[in-house]
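In: Generate a structure from the sequence data that follows.
(3 chains)
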Amino acid sequence: MSLKTLSKIKELRNSGVLNQKIEKIERDLEPIVDKMIETGIKIDPVYFELLDKEITEELEKTRKKIYFLAKQEFNLNSPRRIARVFFKDLKIQTIDLRKTETLEISTSTPELKKIKDKHEIIGEFLHYRMLNKMHSVYIKTLPDIADRHYRVHSDIDQLGAATGRMTSSSPNLQNIPIHSEWGRKIRAGFIPEKGWSFLACDYSQIELRLVAHIAKESVLLESFRKGEDIHARTASEIFKIPIDMIDKETRFRAKVLNFGLLYGMSPMGFARAAGISTEEATDFIVQYFKRFSNIKKYLLNTITHAKRHGHVETIWGRKRFFPDINSEDFVLRSSAERMAINHPIQGTCADIIKKAMIDVQKKILTKDKNIKLILQVHDELIFEVKDENVQQFAHKLKDILKNSMLLDDVDLLVESKSGKNWRDLQ
DNA sequence: TCTGTCACG
DNA sequence: ACGTACGTGACAGAC
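Out: Numbering: from 1, shown residues only, chains lettered A, B, ... in the order given. Modelled structure (predicted):
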């Protein structure tokens, strides 16, 4: 029983964050999260040992290559030392590179990628960074914290984030890698018990669906109803090209813009993320808001509301307060404005999946011992189910998740995947 | 304890 | 002219 959560609920109720409806959700959720922590998720210790051996060798090889190219040995985990070797000793060009807060030259991946052609060492170093992350954070540490049944139990704080999202720590199971090949190798080390499978259900494009719904943006709503590729449709509308003529590059820019708007991205931020000039970026944004004028209205209304009331809220009324929303300080004020734009979307998403977890508990988990909830990753629920029940549960779960919150203009789309390890969920 | 970096949604 | 995309947690270095 988590006393910490219960006292947090009281505190948030007293400060006005939770209304009655949301407080009920948080209270009903508490035992479910408790059970999820207790259940944990199994890893394959033998596989992790092999991974450790493999990655240690590759790290060693890469390290030696870097020392050879630099003609010296130095601490590859110290950004300061890296900057000195790359930019002072090897004299690699640093034009356009960002400075860090302490005025050192940044050695972050996006910065180094800009100068990748200037010296062979950059590519090797980026590879080292990725490998080292995989090793130090995941491969090396996970086996050490598994219990005697090889299951790892994360500390899940159901009220950890200001938007209503949950957080996961010690270990953080919400940031297990997936994008890189090595990342997927790590996912393959998470396995169900013998005779059981993983079953994952995730909300597809839920944040964009919510924006379309909240803003009542009919073109987007219609596009979701038709089941179109939403980024291609966006590109088609901005550039006035038929949807089936949109190339990869154009779609990518529309995708960056779609996500950027959820966070209050500026023209320059968009330019950087999409790899285009600020002028082009500004033009795209103008076109975007011309075509999706209700989105623009939503953004402006949200900021106005935040300035007037000092808070914004989700569809069901989970509030977030912004003490700096009327600050004289531009940096503080605009930061608060971006948070205000994001909260109703990210927070409603959190409300929806939390309510879904409660519905799943009532309708399935309490009645059936052949299924366990093991993890929530913001827009996805992962279950461990008896092999013979996979299809049956997939069907029921999709139905429950879809109906967690009913929106007038658009359905929530839920996709399910199953597999014998976390990588192969398909 | 802070900073830089990077893993996820 | 400002400074530049939301929400997190973990690791290693530097002090």
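In: Ends of stretch A:172-182, what's the gap?
Out: Stretch A:172-182 has an end-to-end distance of 18 Å (Cα to Cα, to the nearest Å).
In: Tell me if that stretch is near DNA strand C.
Out: Yes - using Cβ under 7 Å from any atom of the strand, stretch A:172-182 reaches DNA strand C at A:Asn172, A:Gln174, A:Asn175. Every residue, glycine included, has its C-beta placed from N, CA and C.
In: what would those look like in JSON lines with distance to DNA strand B?
Out: Listed next are those as JSON lines, based on distance: Cβ to the nearest atom of the strand, whole Å:
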{"residue": "A:Asn172", "distance to DNA strand B": "7"}
{"residue": "A:Gln174", "distance to DNA strand B": "6"}
{"residue": "A:Asn175", "distance to DNA strand B": "3"}
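In: who wins for most neighbours among these?
Out: Counting neighbours by other Cβ atoms under 10 Å, the top entry in these is A:Gln174, with 18 neighbours.
In: Please name the nearest non-neighbouring residue to it.
Out: Leaving aside its sequence neighbours, A:Gln174 sits nearest to A:Ser168 (Cβ to Cβ, 6 or more residues apart in numbering; 4.3 Å).
In: what about that neighbour, which helix or strand?
Out: In the assignment (DSSP states H and E), A:Ser168 maps to strand A:167-169.
In: I'd like to check what contacts that strand. Which residues are they?
Out: For strand A:167-169, the surrounding residues in contact (Cβ atoms under 8 Å, 6 or more residues apart in numbering) are A:Ser154, A:Asp155, A:Ile156, A:Asp157, A:Gly160, A:Ala161, A:Gln174, A:Asn175.
In: again, 6 Å this time
Out: A:Ser154, A:Asp155, A:Ile156, A:Asp157, A:Gly160, A:Ala161, A:Gln174 (Cβ atoms under 6 Å, 6 or more residues apart in numbering).
In: Which among the residues you listed count as buried?
Out: Among those, those buried by neighbour count (16 or more other Cβ atoms under 10 Å) are A:Ser154, A:Ile156, A:Asp157, A:Gly160, A:Gln174.
In: of all the residues in the stretch 301-426 of chain A, which ones are close to DNA strand B?
Out: A:Gln346, A:Val377, A:His378, A:Asp379, A:Glu380.
In: okay, the second one: pLDDT?
Out: Right, the one you point to is A:Val377. Looking at A:Val377, its pLDDT stands at 97.
In: Determine if any part of the helix or strand containing A:Glu49 is in contact with DNA strand C.
Out: Using DSSP H and E, A:Glu49 sits within helix A:45-70. No - using Cβ under 7 Å from any atom of the strand, helix A:45-70 stays clear of DNA strand C, coming no nearer than 11.7 Å.
In: Quick check: which element contains A:Leu373?
Out: With DSSP H and E as the criterion, A:Leu373 is inside strand A:371-376.
In: right, and the helix or strand after that strand?
Out: strand A:380-386.
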